[in-house]
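Undergrad: Sequence and predicted structure are below.
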2 protein chains.
Amino acid sequence: MAQPVTWQTIQNEALRRIREREWKPGEMIPHEAALAEELGCARATVNRALRELAAAGFLERRRKAGTRVALNPVRKATFDIPIIRHDVEGRGAAHGYRLLERKEAEAPAGVTAMLRLPARTRLVHVAALHLADGAPFCVEDRWINPQAVPTLGEADFSGLSANEWLVQNVTLSGGSIAFFALPADARLAALLGCSVGAALFRVERTTWAGAVPITAVTLTYAPGYRMTTAI
Amino acid sequence: MAQPVTWQTIQNEALRRIREREWKPGEMIPHEAALAEELGCARATVNRALRELAAAGFLERRRKAGTRVALNPVRKATFDIPIIRHDVEGRGAAHGYRLLERKEAEAPAGVTAMLRLPARTRLVHVAALHLADGAPFCVEDRWINPQAVPTLGEADFSGLSANEWLVQNVTLSGGSIAFFALPADARLAALLGCSVGAALFRVERTTWAGAVPITAVTLTYAPGYRMTTAI
DNA sequence: TGTGGAGTTATGTATGCACATATTTGGTGG
DNA sequence: CCACCAAATATGTGCATACATAACTCCACA
């Protein structure tokens, strides 16, 4: 009548042993078959529990070598990249949106380099201001590869932001993301209603569908913005 | 001798169908048994492939209801929280470290609130400056709960940073993290060698072992720092 | 016309087995 | 003593099956 042992039980037990130093950092732990017998479950169950712990960075596993407790448990944080509208609404504010520009032009060198496109490729540039309860929230500055998005012409971005349109119309498969701080220049200061030189938070992102570059975007947030997540 | 169909094969095939709009956003997809038969593998294999896609945000699954393509695929970024020394060394620079302060004191209200401790609890405060090739890299400002870390007294943090010591001596189980930009005040400007008001990137983190608060830390990086990761 | 409960169904997960694959280890020959 | 190969072994994965669990559907009954 013993309730079945689930992989989560095993995982919690393993975490407990790690936390309480029963298994010490750098030390080998019993192999799957031994744990399965000890804990009264199948090896597959142990495998799933440990596999996820390894993915989370608590354990290091290698075939034949076995499993050891990670010496420097690399903490991994995962956080959502929400649609800006959802981000605003999640903060209890009403989302507003103003399209500033939409035109095809030669992309600056920094953009073509990030997207690994030939210099001076013509891309579609979209600039917009997102508002929260009428106050400036975020400036979206985006270059889109029209080759990768055939239906781009149909979207005018006057009502729906490029941010949202792309999420719904293109399936991405990868990319890179960077966070940093930068001082406001005159344009950003005017748009975000802050003084020149104010400390702004920026997210810079490139996205790809396979090997095809889709878009490069910078999101520059008004002062006071905090991006948060749970570990 | 058809090679065995692995879960990764299934996953790629599913991603392809999503990317190429064979399965449209919001639409139900065939149930596991049907896919297993179509693709010539066991249901468990399909399950694993789809389970991971759901975890990654591409699919939404509910018992009995079935599986549908996520309407707003929430992009998730996961990134490592490295030890600062590794971060510096990974950038090809030599890591330096200077302890600025280590003393027990009443924690400020903001810190006790974040750690859900009574106001005016006495905590250990550690402040340090990390250097990259001798240049200021990051200011570490940390409050540690001595109750949660019995061996804290043994560590003097003059050689090994608190950042690194804690990672190796305490197993964390959770916490929260926030990123934002802030202007340099006089102290930060002096430490980081920038002008007052310069735009700085800050990471604010609290960590817990179960329900026990361990530490609250702010890492403030010198101008020019970028935190990057792949999506 | 509801309304609650039973049946149905898709996903979630445990199990035992088999085999694949990566490494370590130990032995063998130059 | 070193280079190289073979055996041993821990993890990685697939499969068939069984049962658990959530939740939608529909029917019976008030």
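TA: All right, it came through fine.

Undergrad: A:R21 - how many residues pack around it?
TA: Look at A:R21: counted by other CB atoms under 10 Å in any protein chain shown, it has 13 neighbours. For glycine as for every other residue, the C-beta is placed from the backbone atoms N, C-alpha and C.

Undergrad: And the most centrally placed residue in chain A, how close does it get to DNA strand D?
TA: For chain A, the residue nearest the mean C-alpha position is A:I81 (5.0 Å; CA atoms, centre = their mean). Using CB to the nearest atom of the strand, to the nearest Å, A:I81 is found at 26 Å from DNA strand D.

Undergrad: contacting residues for that residue?
TA: A:I81 makes contact with A:I177, A:R205, B:V74, B:R75, B:K76, B:A77, B:I231 under the criterion CB atoms under 8 Å, 6 or more residues apart in numbering or on different chains.

Undergrad: Run through the bridge partners of it.
TA: Counting by DSSP bridges, A:I81 forms beta bridges with B:R75.

Undergrad: coming back round to it: dump the contacts of A:I81 to JSON lines, plus neighbour count.
TA: What follows is those, written out as JSON lines (neighbours: other CB atoms under 10 Å in any protein chain shown):
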{"residue": "A:I177", "neighbour count": "19"}
{"residue": "A:R205", "neighbour count": "20"}
{"residue": "B:V74", "neighbour count": "15"}
{"residue": "B:R75", "neighbour count": "20"}
{"residue": "B:K76", "neighbour count": "14"}
{"residue": "B:A77", "neighbour count": "19"}
{"residue": "B:I231", "neighbour count": "18"}
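
Undergrad: Surely A:N163 and A:D141 touch.
TA: No: with contact defined as CB atoms under 8 Å, A:N163 and A:D141 do not form a contacting pair (11.1 Å).

Undergrad: Need the residues touching each of these two.
TA: Shared contacts of A:N163 and A:D141, defined by CB under 8 Å, 6+ apart, comprise A:V217.

Undergrad: Counting neighbours, go ahead and name the busier of those two.
TA: Applying other CB under 10 Å to A:N163 and A:D141 shows that A:N163 carries more neighbours, namely 24 against 20.

Undergrad: how about that one, what does it touch?
TA: Residues counted as contacts of A:N163 (CB under 8 Å, 6+ apart) are A:I83, A:I84, A:R85, A:A128, A:E140, A:R142, A:V217.

Undergrad: gap between the nearest residue to the first one once chain neighbours are set aside and DNA strand C?
TA: Translated: A:I83. Leaving out its chain neighbours, the residue that sits closest to A:I83 by CB to CB, 6 or more residues apart in numbering or on different chains is A:E164, at 5.1 Å. Applying CB to the nearest atom of the strand, the value for A:E164 to DNA strand C is 27 Å.

Undergrad: in a strand, that's where A:E164 is, yeah?
TA: No: judged by DSSP: H, G, I helix; E, B strand; the rest coil, A:E164 forms no part of a strand; its state is helix.

Undergrad: what's the pLDDT at it?
TA: Here, the pLDDT recorded for A:E164 equals 88.

Undergrad: Can you report how many residues neighbour it?
TA: Residues lying near A:E164 (other CB under 10 Å) number 17.

Undergrad: How about the contacts made by it?
TA: Contacts for A:E164 (CB under 8 Å, 6+ apart) come out as A:I83, A:I84, A:R85.

Undergrad: Checking the last one next. Helix, strand or coil?
TA: What it means is A:R85. Under three-state DSSP, A:R85 comes out as helix.

Undergrad: wouldn't it be in contact with A:H95 here?
TA: Yes: contact criterion CB under 8 Å: A:R85 and A:H95 qualify, at 4.4 Å.

Undergrad: For A:A198, which non-adjacent residue is spatially closest?
TA: Excluding the flanking residues, the one nearest A:A198 by CB to CB, 6+ apart is A:A184, at 4.5 Å.

Undergrad: correct me, but the one you found touches A:V196?
TA: Yes: under the criterion of CB under 8 Å, A:A184 makes contact with A:V196 at 5.7 Å.

Undergrad: shared neighbours, A:R85 and A:H95?
TA: Listed as contacting both A:R85 and A:H95 by CB under 8 Å, 6+ apart are A:H130.

Undergrad: quick one: low-confidence parts of chain A?
TA: Along chain A, segments meeting pLDDT under 70 span A:1-4, A:74.

Undergrad: Now do the helices in it.
TA: Using DSSP state H, the helices of chain A run over A:7-19, A:32-39, A:43-55, A:84-90, A:109-114, A:162-169, A:186-192.

Undergrad: With distance to DNA strand D added, can I get those in TSV?
TA: What follows is the helices of chain A, written out as TSV (distance: least, CB to the nearest atom of the strand, whole Å):
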stretch	distance to DNA strand D
helix A:7-19	12
helix A:32-39	4
helix A:43-55	5
helix A:84-90	22
helix A:109-114	32
helix A:162-169	23
helix A:186-192	42
